[in-house]
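[1] Got a predicted structure here, sequence first:
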Amino acid sequence: MMEQKKRIYLDYAASTPMDERVIQIMLPYFAQIFGNSSSVHFGGQAAEAAIEQARKTIAGLINADPEEIIFTSGGTESDNLAIKGVAFARRRDKGCNHLLISPVEHPAVLQSARQLSEVFGFEIEYLPVDSFGRVDPSEVAVRLRPDTALVSVIYGNNEIGTINDIASIGNLCRAKGIPFHTDAVQAAAHLPIDVVRESIDLLSIGSHKFYGPKGVGVLYVRKGIHILPMITGGAHENNLRAGTHNTPYIVGLAEAFRLTQTELAQRSACMTLIRDMLIKGVLEKVSGAHLTGHPSERLPNHASFVFEGVDGNTLLMMLDVAGFACSSGSACKSGTPKPSEVLLAIGLSPGLALGSLRVTLGVDTSEEDIQSFLGVLPSLVEKCRSLC
């Protein structure tokens, strides 16, 4: 029999495998320390203690207070709670009706804002972005209004990897007393975060982007920021998110984030070297290839391209058959025949935007993996072009 082809995973922005150290720390909370954290007996007390320790761990890593950490089911819920919760609270308290967001946000932010506009009558204003997908803080400054309910700008873009100047935007919003939210679901896996230094009022994190379990996340909510809960019932999470705590997942989230932030410098240095080798190789070996996102101010594991005359989904299928798992952009959009809103927002034509490819690296990605990828990509692009 022929030896089975090695499969190489290059879609770490979509999800990561769980760190074995995280799995081990979670195991006792499935069958031994299994009580409901709201129960007053010993089982509940043990679960509650684990959750509160996780809360302290996460808070310490982003320079927050533990009571500012709200556990959710993931980045999408955190984004929804931030956008809708603050918008409704600010309308109720101050009559604010204006939402200021970038057009390159994750769909969880974009669709939340659109629902607020289409169903509840909020006004959305989209910030301009440059050809790299960056928001100029000066554009935020001139668009802030007395009735602005919320500003939301993504920290590190999930599709093109560009990193925004979050601190400058946060400082502008803080000076005007306007809540500032950032989706840090990708950034938290690769960048140090300090919510005080960066004047962040609300910040979204998802565990499975940094080798933790799926189905759990965090919304940081700064003290003094009023927010209307979206899931009501019990008084969990400071009355902001009802529901029985998922103790093992919360414990796993905290450990995964601790490991990520502790090992950040080493991980980022290694991935940046391999990422740059990948970008250089693609641009040299594939005709009609263009890098999307900022060439240097980008997430250390992130490389993204568009190819002239190529259908991105067809290329993805060819790469999959060849043994490489990649993405055409956001994992939440994979398979759609429509061009990415992010790529259109940075000025690409619809035709070129359809030829997108996102290659994202992880802690296990090797130079040999990238050399193998570069060995097959040029011929697959040419084959794809011949079919279009």
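    Noted; the coordinates are in hand.
[2] So residue 69 sits against residue 220, correct?
    Yes: at 6.1 Å, residue 69 counts as touching residue 220 under the criterion of C-beta atoms under 8 Å. (Glycine included, C-beta is placed from N, CA and C.)
[3] pLDDT at residue 43, what is it?
    The predicted local distance difference test score for residue 43 is 82.
[4] That one against residue 37, yeah?
    No: the criterion here is C-beta under 8 Å, and residue 43 misses it with residue 37 at 9.2 Å.
[5] mind showing which ranges of this protein have poor pLDDT?
    The chain contains residues with pLDDT under 70 at 1-5, 329-337.
[6] quick one: the strands in it?
    Assigned by DSSP state E, the strands in the chain fall at 8-9, 69-72, 98-101, 123-126, 148-152, 180-183, 202-206, 217-221, 289-291, 302-307, 324-325, 356-360.
[7] so what secondary structure elements neighbour the fourth one?
    The criterion is 3 or more C-beta pairs under 8 Å, 6 or more residues apart in numbering; DSSP states H and E, and the helices and strands that strand 123-126 contacts are strand 98-101, helix 107-120.
[8] Tell me which of the ones you listed is the most buried.
    Between the helices and strands packed on strand 123-126, the one whose residues have the most neighbours on average, counting mean count of other C-beta atoms under 10 Å, is strand 98-101 (a mean of 23).
[9] hmm, who's touching it?
    When contacts are defined by C-beta atoms under 8 Å, 6 or more residues apart in numbering, strand 98-101 is touched by residues 83, 87, 109-110, 113, 116-117, 122-127, 140, 143-145, 147-153.
[10] Going by neighbour count, which of these are buried?
    When burial is judged by neighbour count using 16 or more other C-beta atoms under 10 Å, the buried members of the contacts of strand 98-101 are 83, 87, 109-110, 113, 116, 122, 126-127, 140, 144, 148-153.
[11] check contacts around residue 83.
    Residue 83 is in contact with 99, 109, 112, 113, 116, 150, 152, 181, counting by C-beta under 8 Å, 6+ apart.
[12] Dump the helices and strands packed on strand 123-126 into a markdown table; add distance to residue 288 as well.
    Conversion of these to a markdown table gives the following (distance: least, C-beta to C-beta, whole Å):
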| stretch | distance to residue 288 |
| --- | --- |
| strand 98-101 | 33 |
| helix 107-120 | 28 |
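[13] and residue 61, which of those is closest to it?
    Smallest distance to residue 61 across the helices and strands packed on strand 123-126 (C-beta to C-beta): 22.5 Å, for helix 107-120.
[14] Which neighbouring elements make contact with that closest one?
    Taking 3+ C-beta pairs under 8 Å, 6+ apart as the contact definition, the neighbouring helices and strands of helix 107-120 are helix 75-94, strand 98-101, strand 123-126.
[15] Ok, which of the ones you listed comes nearest residue 277?
    Comparing these by their distance to residue 277 (C-beta to C-beta), the top pick is helix 75-94, with 29.0 Å.
[16] Could you give the number of residues near residue 284?
    The number of residues packed near residue 284 is 11, by other C-beta atoms under 10 Å.
[17] do the same with the one 5 residues further on
    Other residues near residue 289 come to 20 when the count uses other C-beta under 10 Å.
[18] give the contact list for it.
    Taking C-beta under 8 Å, 6+ apart as the contact definition, residue 289 lies against 282, 283, 305, 306, 307, 308, 381.
[19] Would you quantify the distance from the fourth one to residue 18?
    To tie it back to what came earlier, the one meant is residue 306. Residue 306 is 32 Å from residue 18, where distance means C-beta to C-beta, to the nearest Å.
[20] Which one's more surrounded, those two?
    The neighbour comparison of residue 306 against residue 18 (other C-beta under 10 Å) goes to residue 306, with 26 against 17.
[21] Would you mind naming the residues that bridge with the more buried one?
    In this structure, residue 306 bridges to residue 290, residue 356 when assessed by DSSP bridges.
[22] in stretch 280-298, what's buried?
    281, 282, 286, 289, 290, 291, 292, 293, 294, 298.
[23] phi, psi of the most centrally placed residue in the chain?
    Per C-alpha atoms, centre = their mean, the C-alpha nearest to the average position across the chain is that of residue 185, at 2.7 Å. Note on residue 185: backbone dihedrals following degrees, to the nearest 10 are phi -60, psi -40.
[24] Could you find the closest non-adjacent residue to residue 361?
    What sits nearest to residue 361 in space, not counting adjacent residues and going by C-beta to C-beta, 6 or more residues apart in numbering, is residue 301, at 4.2 Å.
[25] so that neighbour sits right up against residue 362, yeah?
    Yes: contact criterion C-beta under 8 Å: residue 301 and residue 362 qualify, at 6.8 Å.
[26] Find the residues that touch each one of these two.
    With C-beta under 8 Å, 6+ apart as the test, residue 301 and residue 362 both reach 12, 271.
[27] higher neighbour count, the two?
    Of the pair residue 301 and residue 362, residue 301 is the one with more neighbours under other C-beta under 10 Å, namely 27 against 19.
[28] where's that one relative to residue 193, distance?
    Separation of residue 301 from residue 193 (C-beta to C-beta) stands at 16 Å.
[29] quick one: contacts for residue 180?
    The neighbours of residue 180, taking C-beta under 8 Å, 6+ apart as the test, are 150, 151, 152, 153, 169, 170, 173, 174, 199, 200, 201, 202.
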